[in-house]
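1. For reference, the sequence and a predicted model appear below.
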Amino acid sequence: MMSVRSPLLVDSDDAFAVKCGRKAEGMLIPLTVLALSGSLRRASLNTAMLTMAAGYAPPAMSVTMFAGMGDLPLFNPDLESREPWQVARLRTSIADADALLIASPEYAHGVSGVMKNALDWMVASGVLMGKPVALWNASPRASHAIAALRETLAVMAARLVDVAGLELLIEHDSVGRPLPNPDEAAMRRALLAIKADLCQQGRSSSS
Ligand SMILES: Cc1cc2nc3c(=O)[nH]c(=O)nc-3n(C[C@H](O)[C@H](O)[C@H](O)COP(=O)(O)O)c2cc1C
């Protein structure tokens, strides 16, 4: 019997198949999504939202939190010629990731200094050029930070994946523990949208 296979299910080791988590030379290579939180707060709702994502990632896709945001020195162009190791770690983590998931608090109608500092360090390397980025927000009343992030990422030539954007009101209990995910289905849909976008892009670039 002849089987009809979707283009997304073709077994091959081309770039598209690899990026879509297909088997390449016997090894499953998952899509990798790097999560960046703009908050250093222990009970951060943005970090909690991104941490939750790891548990909802579709098959053959992983979501990993970048743990070194608080280690980055303050941006200083004088230091760029001898890149601090903390900056190199962020740059290589971004370069290695198929996509980024970013969530940042809004402080005084702007993006957090933590997030802006990290992005400023990345400008000269161009590592964000063409990188798919989904913006998440754990506090839907905050709109200025998202707008500022969009502007910064656009000028860095990142590729914003708007269909994978997500706003959820994440809350915590009286001792700072995040309450359960208020909309698991929405989070799953957003993560699937990242995967679909990456696979679609891979298909375009390999065709
Ligand atoms: C100094 C400061 C300024 C803030 N400014 C704003 C603001 O302009 N707009 C807003 O919606 N929330 C503002 N907030 C609230 C934070 O964005 C909110 O508490 C958010 O949950 C913090 O993110 P985190 O939980 O990930 O740490 C501010 C909080 C602080 C501490």
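-> Happy to help now that I have it. Source: prediction; values computed, not measured.

2. Let me see the ranges of the strands in this structure.
-> Secondary structure of the chain by DSSP state E: the strands cover 23-24, 27-28, 31-37, 61-65, 99-103, 106-107, 110-111, 132-137, 159-160, 166-167.

3. can you tell which of those is closest to Lys195?
-> strand 61-65 (5.3 Å; CB to CB). The C-beta positions use only the backbone N, C-alpha and C, and glycine is treated the same way.

4. Just checking: what are the partner strands of the closest one?
-> strand 31-37 (parallel) (DSSP bridges).

5. Excluding chain neighbours, what is closest to Ala154?
-> Leu160 (7.0 Å; CB to CB, 6 or more residues apart in numbering).

6. Count the residues that sit near the one you found.
-> The local packing of Leu160 (other CB atoms under 10 Å) involves 17 other residues.

7. near the ligand, which residues of this structure?
-> Remark: the part of the chain in contact with the ligand comprises 39, 41, 44-47, 105-109, 138-139, 141-142, using CB under 6 Å from any ligand atom.

8. what do you get if the cut-off is 5 Å, keeping everything else the same?
-> Selection of the chain residues close to the ligand by CB under 5 Å from any ligand atom yields 39, 41, 44-46, 105-109, 139, 141-142.

9. Distance check, Leu40 against His109.
-> From Leu40 across to His109, the span is 20 Å (CB to CB, to the nearest Å).

10. just to revisit the earlier point, using TSV, lay out the strands of the chain together with mean pLDDT and distance to Ala53.
-> Formatted as TSV, the strands of the chain follow (pLDDT from 0 to 100; distance: least, CB to CB, whole Å):
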stretch	mean pLDDT	distance to Ala53
strand 23-24	54	25
strand 27-28	70	20
strand 31-37	97	6
strand 61-65	96	5
strand 99-103	98	6
strand 106-107	98	20
strand 110-111	98	20
strand 132-137	98	8
strand 159-160	98	17
strand 166-167	96	9
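
11. Quickly compare the ones you listed and say which is most buried.
-> Highest mean neighbour count of the strands of the chain: strand 99-103, a mean of 26 (counted as mean count of other CB atoms under 10 Å).

12. Would you mind writing the CA trace of that one as CSV?
-> Provided in CSV are the C-alpha atoms of strand 99-103 (Å, rounded to 0.1, in the frame of the first residue of the first chain):
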residue,chain,number,x,y,z
ALA,A,99,14.7,30.1,18.8
LEU,A,100,14.5,32.4,21.9
LEU,A,101,11.6,32.9,24.3
ILE,A,102,11.9,36.2,26.1
ALA,A,103,9.9,37.5,29.1
